[in-house]
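Chemist: Any chance you can model this:
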Amino acid sequence: MIRAIGYASAALKRWGTPILCCVAAVWLGLSGCSPDATSSAPSSASDAVLEVSDARLVTDQGAFDFVVEVARTPEEQRRGLMFRRSLAEDAGMLFVHESDRVLGMWMKNTYLPLDMAFLDREGRIVAIAADRTPHSLDHISSGVPARAVLEVNAGRLKALGAKVGDRLLHEAFGAPVSADAPSSAPQ
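Modeler: Take a look at the predicted model:
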């Protein structure tokens, strides 16, 4: 018995570190802890549920209601609409930042073509990036300081007549959507 423990102890001393390193490498690989962890496919255990709220885009053609997922944290914003295969016509994602700055976006791992409206702290559109190409790594810049970005299906902003100066009503801009305020049906 003592001799067996001695052999096991000698084997552990000789092979323990390499085995431990292999186990750690496998564990890190399976947990998605790589330098580019945001590019890994989603797993149901790591998918966070985002806040969902109402927003209303006001243009010269009318007021159009959307249901938006709100991405506030850096992790939520990195994830965005990556890996999504569909988006309802009246849905979108609102990326809200803590301060105004020139914002940059990309379409990495995004399967849907999207329109992006860059918004100031009052919810006014300051720039639009229309019909962005899925999976593109091209940098998409607001070009001017902005506080937030609204992403919707490609073509929606044009269809609703959205332009620079139009406004998105949302609680993030101190302008919550009132249930009794008139709106137009999504087109």
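
Chemist: Next up, identify which helix or strand F64 is on.
Modeler: Taking DSSP states H and E as the definition, one finds F64 inside strand 62-71.

Chemist: In contact with L137, which residues?
Modeler: W106, M107, K108 (C-beta atoms under 8 Å, 6 or more residues apart in numbering). Every residue, glycine included, has its C-beta placed from N, CA and C.

Chemist: Name the member of those residues that has the highest neighbour count.
Modeler: For those, counting by other C-beta atoms under 10 Å, the largest number of neighbours falls to M107: 22 neighbours.

Chemist: could you give me the average pLDDT of the strand holding F64?
Modeler: Throughout strand 62-71, pLDDT has a mean value of 97.

Chemist: any idea which helix or strand comes after the worst-scoring helix or strand of the chain on mean pLDDT?
Modeler: Scoring the helices and strands of the chain by mean pLDDT, DSSP states H and E places helix 2-30 at the bottom, with a mean of 47. Per DSSP H and E, the first helix or strand lying C-terminal to helix 2-30 is strand 51-59.

Chemist: how about stretch 155-171: buried residues?
Modeler: R156, L157, L160, A162, D166, R167, L168, L169, H170 (16 or more other C-beta atoms under 10 Å).

Chemist: Double-check the third one against V58; I have them as touching.
Modeler: No - L160 lies out of contact with V58 (C-beta atoms under 8 Å); the separation is 9.7 Å.

Chemist: which residues are common contacts for these two?
Modeler: With C-beta under 8 Å, 6+ apart, L160 and V58 have common neighbours F64.

Chemist: rewinding a little: can you flag which of the buried residues of stretch 155-171 belong to helices?
Modeler: Residues of these located in helices (DSSP state H): R156, L157.

Chemist: what about the protein, any weak spots by pLDDT?
Modeler: Under the criterion pLDDT under 70, the flagged ranges of the chain are 1-48, 179-187.

Chemist: In strands, which of the buried residues of stretch 155-171 appear?
Modeler: R167, L168, L169 (DSSP state E).

Chemist: Just the closest of these to V68, please.
Modeler: L168 (9.0 Å; C-beta to C-beta).

Chemist: Enumerate every residue touching that closest one.
Modeler: So L168 contacts A55, R56, L57, V58, L94, A117, L119, G123, R124, I125, L150 (C-beta under 8 Å, 6+ apart).
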